[in-house]
Every structure is written in C-alpha cells, then in structure tokens.
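Participant: sequence plus predicted model, see below.
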Amino acid sequence: MILKPVQQSSTAAALKAERDRDMAQAMQDCENEQCARLANMARLRALRLENERAESKAAVPRSAKRKKAETETGRAPLEHWT
C-alpha cells in the first residue's frame with residue numbers, strides 16, 4: 001500500500017471541492033438560462049396568439065358571421081330569409 005503525502009492529498013481534495021463547486025454553479029446557470037428561455041417563449045407565444053386573434057377578428061367576412069349564427073342556433077336567423 002502506497003501512502004500519499006498529506007500535502008498532495010489535501011491539494012487533491014481542494015481541487016475536487018473546487019470542481020464540485022464549479023459543477024454546481026454551472027448547473028444553476030443552466031437552470032436559470034432555461035427558465036429565462038421558457039419565460040421568453042411563453043411571452044412571445046402570448047403576443048403571437050393576441051396578434052392572430054386580432055387579425056382573425058378584423059378579417060371575418062360578413063357571410064362567415066351569418067354562417068356562425070346559423071351553426072350556433074342550428075338554423076338561419078329570420079332576417080336572412082327572403
């Protein structure tokens with residue numbers, strides 16, 4: 001059995017502890033970046049859906065409104081019967 005000198009083993013332990021701290025910090029940084037990325041994606045998705053909703057409301061033709069009224073009640077409203 002070969003025994004390491006005390007100074008060499010304490011240096012190795014210090015290096016291992018430093019690597020462990022660096023690894024923990026890297027994991028924390030990665031988690032923070034992922035959280036920020038997901039929050040940004042959610043914000044952009046909400047903006048996109050809001051824009052699409054506004055565009056679809058502005059682009060609904062009159063006949064589509066009539067068809068919507070027909071499908072909601074199951075029949076055409078009386079004002080459209082001629």
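Facilitator: On my side now, so go ahead.
Participant: determine the longest helix present in the protein.
Facilitator: Taking residue count as the measure and DSSP state H as the definition, the longest helix of the chain comes out as helix 6-58.
Participant: same for it, what does it pack against?
Facilitator: The criterion is 3 or more CB pairs under 8 Å, 6 or more residues apart in numbering; DSSP states H and E, and there are no helices or strands that helix 6-58 contacts. Just so you know, the C-beta spots here come from the backbone N, C-alpha and C atoms, and that holds for glycine as well.
Participant: just the mean pLDDT for it, thanks.
Facilitator: Model confidence over helix 6-58, given as mean pLDDT, is 93.
Participant: which positions within stretch 25-37 qualify as buried?
Facilitator: Within stretch 25-37, no residue qualifies as buried by neighbour count (16 or more other CB atoms under 10 Å).
Participant: output that stretch as CSV, nothing but the C-alphas.
Facilitator: Included here for stretch 25-37 are C-alpha records, laid out as CSV according to Å, rounded to 0.1, in the frame of the first residue of the first chain:
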residue,chain,number,x,y,z
GLN,A,25,-22.6,26.7,-10.3
ALA,A,26,-22.8,25.5,-13.9
MET,A,27,-25.9,23.5,-13.2
GLN,A,28,-27.5,26.6,-11.6
ASP,A,29,-26.6,28.8,-14.5
CYS,A,30,-28.0,26.3,-16.9
GLU,A,31,-31.3,26.1,-15.0
ASN,A,32,-31.6,29.9,-14.8
GLU,A,33,-31.0,30.2,-18.6
GLN,A,34,-33.6,27.5,-19.3
CYS,A,35,-36.1,29.3,-17.0
ALA,A,36,-35.5,32.6,-18.8
ARG,A,37,-35.8,30.9,-22.2
